[in-house]
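Visitor: Provided below are the primary sequence and the corresponding predicted coordinates.
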Amino acid sequence: MWLPRDSIPNKAKKTMLRRLLAIAFKEIRQLKRDRLTFGMIVGVPLLQILLFGYAIDLDVRNVNAAVADHANTSLSRQVVAAAEASQVVNVTRAASGPEELEQLLNEGRIEVGIYIPADFERRVIDGNRPVGQLLINGSDPTVEGIARRLAEMPLPGQSQPMPLFAARTYYNPENRSPVNIVPALIGVILHMTMVLFTAIAIVRERERGNLELLITTPVSPAELMLGKIIPYIIIGLIQVTLIVWVSQWLFDVPVRGQLLDLYLVSWFFIMASLALGLTVSTFAQTQFQAIQLTVFTFLPSILLSGFMFPFEGMPRLAQWLGELIPLTHFVRMSRGVLLRGADIVELHRDIWPLLIFFFVFLVIATLRFKKRLD
Amino acid sequence: MSEEDIAIKASGLTKQFGDLTAVDDVDLEIPEAKIYGFLGPNGSGKSTLIRMLCGLLTPSAGEVEVLGLRVPGQAEELKRSIGYMTQKFSLYEDLTVTENLRFLGTVYNIPRSEIKQRVNDALEEYWLTEQRSQFAGTLSGGQKQRLALAGATLHRPRLLILDEPTSAVDPQSRRDFWDILFSLAEQDTTVLVSSHYMDEAERCHNLAILDRGRLVAQGRPRDLVRDINAGVIEIMTSSPRAARDCLEGTDGIHSVAQLGTRLHAIVAKDIEDPAKLVREQLEEADVEGEVEKVTANLEDVFVVATRLNSEQSEEDHAA
């Protein structure tokens, strides 16, 4: 199917390209007539972005906390005030010491206990020991994420930003959801379009009997697949544009990096998702099965990619699984480009996994597609 | 081009799907520029055989040569000279007649400058000019069939394959359709038709009867009818039910089929006077009727051929 370039004469290449384009144009023509699908291509991103932008706030704020301040200096009081000002915690009571904090935690009256030891000032000056202790209710993963933010909070009056906290305060100081969600949402919507629509497009051809005719023509499986995919790549890039434009306009989501980098990153993700969509199409007999299978691939992507839950907060095993999912890498890269202004060279560590994923699934899809004809 | 040019040559062609032998050791020689029919019931291996002949399926055993090309080795090359019309309408229902034809023209690599002319010619030839901007899904059964045929012949294939082409059309459309096939054969196209309709089989130049994967009879329809391996007796009677009942259990009478008020009884070849046997049986059962030995029709040929095949396979089984 994938012949080395030199073994194909120029003329044959031309006719292959011609057939491929014929299929692509036919697909676009059909797509234009299928109002429902066409509506979904524009409607789904719009709906999702409005939903996530206005309605869903994944940041948990005002978690109940107690403070045991044994230092009781102006600096220690400033620390507590800064923690409260971040709106992450809401200091509801004072405690006598770590033991009481632990008891309050056990009773479920607080989620976070802040203990500031008596030698607080000295620890600050030494700078190489933790200055205080946080007691955290680890049974709730979101609280853990919050506590991590607190732990990395810089001391008031000190200008040295600490690296991880800096990422949060610096780029999304108001903890607004859309800023964090939109870069990931691009990936979620692309995943849906690429996997679902391509799988359906190919299964439909089989379901309606068109495939039976096409395999008797000189069209090769590779030409057929590529030809059917090209329109969806264009659609994917249009969707990226749409999401970025709407989120900038409605939610002031910044684009700190180069738009070109965002398109390149999207391109790698689109390739990986398409390969997955093709594989799905070789398993599904009907369009309905294609939808079911897509949902099946969709869930782990949403749950394990860092879109819903902070990736760092997930258990080790889930993180390993997450690394296998294209969306994980796309979320990292698109956040990098949009929020941190990273360029594509800095993101190469997340591009390789997408390329590997693409090749592995393309091979699976091609092998299975050939088998289906016999 | 002489009469003896061979378009398709196959020997020992076999296809197995797991335990099932769909096509069993078939030898074929199909002449060029003729209409060649495959007649057989559903599941007799017609489609599997056809698919192997055009390289869509890889045979489990045997050799095929089509238009001088080895299959499946040169199947890709062969596809350019083949036109294939599927049993189910398989063009795009949400594209117009013209769009469908242009798409196929491009896929078969007809030069850009020629496509428009060829499509227009095809529209005219297949009486679809009026429907040219209509969506294929809204065409009638006969129109769809003509469109499918126009699509399959647009690139002027040397071999045209039709898988049960007229199962969904009315008699007039069927007749028109066959007129087109005959003119295609006159223009040196070899046509392969699979069917389970006797009237369709009758029109073919040559015919192969398939039953459970085996080629059980082969030849010109007229020869097959003449050389039938049994006697055919027609009975005109006012009580066909009773006549049937009394004949069906008789030794030497293979089968009885009713055609309106007539019955066709197929009698074993070794019975010297089959009409006499039938007459005696009817008299014994006190059924009135006119008995006459007649020429067989294709259905009779078919029944005899498949019956011999099942006896054969029972013997094989016993051995």
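Guide: Ah, there it is. Everything quoted here is computed from the prediction, not taken from an experiment.

Visitor: check the offset of the one helix or strand in chain B whose mean pLDDT sits lowest from the chain's centre.
Guide: Least confident helix or strand, chain B: helix B:298-318 with a mean of 80, by mean pLDDT, DSSP states H and E. Taking Cα atoms, centre = their mean, to the nearest Å, the mean C-alpha location of helix B:298-318 is offset from the chain mean by 18 Å.

Visitor: can you dump the C-alpha atoms of it in CSV for me?
Guide: The C-alpha coordinates for helix B:298-318 follow below in CSV (Å, rounded to 0.1, in the frame of the first residue of the first chain):
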residue,chain,number,x,y,z
LEU,B,298,-34.0,-24.4,-18.8
GLU,B,299,-35.7,-24.9,-15.5
ASP,B,300,-36.0,-28.6,-16.2
VAL,B,301,-32.3,-28.6,-17.1
PHE,B,302,-31.5,-26.9,-13.9
VAL,B,303,-33.5,-29.3,-11.8
VAL,B,304,-31.9,-32.3,-13.5
ALA,B,305,-28.4,-30.9,-13.1
THR,B,306,-28.8,-30.1,-9.5
ARG,B,307,-30.4,-33.4,-8.7
LEU,B,308,-27.6,-35.3,-10.3
ASN,B,309,-25.2,-33.2,-8.3
SER,B,310,-26.8,-34.0,-5.0
GLU,B,311,-26.9,-37.7,-5.8
GLN,B,312,-23.2,-37.4,-6.7
SER,B,313,-22.3,-35.7,-3.4
GLU,B,314,-24.3,-38.3,-1.5
GLU,B,315,-22.3,-41.0,-3.1
ASP,B,316,-19.1,-39.2,-2.3
HIS,B,317,-20.3,-38.9,1.2
ALA,B,318,-21.0,-42.6,1.4
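
Visitor: near chain B, which residues of the stretch 101-250 of chain A show up?
Guide: Within the stretch 101-250 of chain A, the positions near chain B by Cβ under 8 Å from any Cβ of the partner chain are A:208-210, A:212-220. No exception for glycine: its C-beta is placed from N, CA and C like everyone else's.

Visitor: can you list these in a markdown table and add distance to A:Gly43, neighbour count and secondary structure?
Guide: Formatted as a markdown table, these follow (distance: Cβ to Cβ, whole Å; neighbours: other Cβ atoms under 10 Å in any protein chain shown; DSSP: H, G, I helix; E, B strand; the rest coil):
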| residue | distance to A:Gly43 | neighbour count | secondary structure |
| --- | --- | --- | --- |
| A:Arg208 | 25 | 19 | coil |
| A:Gly209 | 30 | 16 | coil |
| A:Asn210 | 27 | 19 | helix |
| A:Glu212 | 33 | 19 | helix |
| A:Leu213 | 32 | 24 | helix |
| A:Leu214 | 30 | 20 | helix |
| A:Ile215 | 34 | 19 | coil |
| A:Thr216 | 37 | 21 | coil |
| A:Thr217 | 35 | 23 | coil |
| A:Pro218 | 38 | 19 | coil |
| A:Val219 | 32 | 21 | coil |
| A:Ser220 | 35 | 18 | coil |
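
Visitor: how far away is whatever residue of the stretch 101-250 of chain B ends up closest to chain A from A:Arg29?
Guide: Closest contact between the stretch 101-250 of chain B and chain A, by Cβ to the nearest Cβ, is at B:Thr106 (3.9 Å). Applying Cβ to Cβ, to the nearest Å, the value for B:Thr106 to A:Arg29 is 13 Å.

Visitor: what residues of the least confident helix or strand of chain B count as buried?
Guide: B:298-309 (16 or more other Cβ atoms under 10 Å in any protein chain shown).

Visitor: where does pLDDT dip in chain B?
Guide: Residue ranges of chain B with pLDDT under 70: B:1-4, B:168, B:319.

Visitor: can you pull the residues of it lying near chain A?
Guide: Near chain A, the residues belonging to chain B are B:54, B:56-58, B:76, B:79-80, B:82, B:84, B:86, B:88-95, B:99, B:103-104, B:106-109, B:151, B:161 when assessed by Cβ under 8 Å from any Cβ.

Visitor: among these, name the buried ones.
Guide: Neighbour-count burial (16+ other Cβ under 10 Å) applied to those gives B:54, B:56-57, B:79, B:82, B:84, B:86, B:89-95, B:99, B:103-104, B:106-109, B:151, B:161.

Visitor: now, these that are in strands?
Guide: Residues of those located in strands (DSSP state E): B:82, B:84, B:161.

Visitor: do you know how far the second one is from B:Leu149?
Guide: Spelled out, it's B:Tyr84. 11 Å.

Visitor: again with the last one
Guide: According to Cβ to Cβ, B:Ile161 stands 11 Å off from B:Leu149.

Visitor: find the residues that touch each one of these two.
Guide: Listed as contacting both B:Ile161 and B:Leu149 by Cβ atoms under 8 Å, 6 or more residues apart in numbering or on different chains are B:Met85.

Visitor: which secondary element of chain A has the worst mean pLDDT?
Guide: Within chain A, no helix or strand scores below helix A:163-171, which has a mean of 28 by mean pLDDT, DSSP H and E.

Visitor: contact partners of the helix or strand just after that one?
Guide: As assigned by DSSP states H and E, the chain's next helix or strand after helix A:163-171 is helix A:177-191. Helix A:177-191 is touched from outside by A:44-45, A:48-49, A:52-53, A:56-59, A:171-172, A:236, A:239-240, A:243-244, A:247, A:251, A:253-254, A:266, A:269-270, A:273, A:298, A:301-302, A:305-307, A:326-327, A:330-331, A:334-335, A:337-339, with contacts defined as Cβ under 8 Å, 6+ apart.

Visitor: and the end-to-end length of stretch B:266-274?
Guide: Start-to-end span of stretch B:266-274 (Cα to Cα, to the nearest Å) is 9 Å.

Visitor: B:Val304 touches B:His254, doesn't it?
Guide: Yes: assessed by Cβ atoms under 8 Å, B:Val304 is found in contact with B:His254 at 6.9 Å.

Visitor: now do the shared contacts for the two.
Guide: Taking Cβ under 8 Å, 6+ apart as the criterion, B:Val304 and B:His254 both touch B:230, B:266.

Visitor: what about A:Tyr115, which helix or strand?
Guide: strand A:112-116.

Visitor: ok, then the element right after that strand?
Guide: helix A:120-126.

Visitor: residues of that next one that come out buried?
Guide: A:120, A:123-124.

Visitor: for whatever helix or strand comes next after it, packing partners?
Guide: The helix or strand immediately downstream of helix A:120-126 is strand A:133-136, counting by DSSP H and E. Packing contacts for strand A:133-136, counted by 3 or more Cβ pairs under 8 Å, 6 or more residues apart in numbering or on different chains; DSSP states H and E, involve helix A:98-107, strand A:112-116, helix A:141-151.

Visitor: please save the CA atoms from strand A:133-136 in PDB.
Guide: What follows is strand A:133-136 as a C-alpha-only set of coordinates in PDB (Å, rounded to 0.1, in the frame of the first residue of the first chain):
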ATOM      1  CA  GLN A 133       3.300  22.200  57.100                       C
ATOM      2  CA  LEU A 134       0.100  21.600  55.300                       C
ATOM      3  CA  LEU A 135      -2.300  18.900  56.400                       C
ATOM      4  CA  ILE A 136      -4.400  17.800  53.600                       C
END
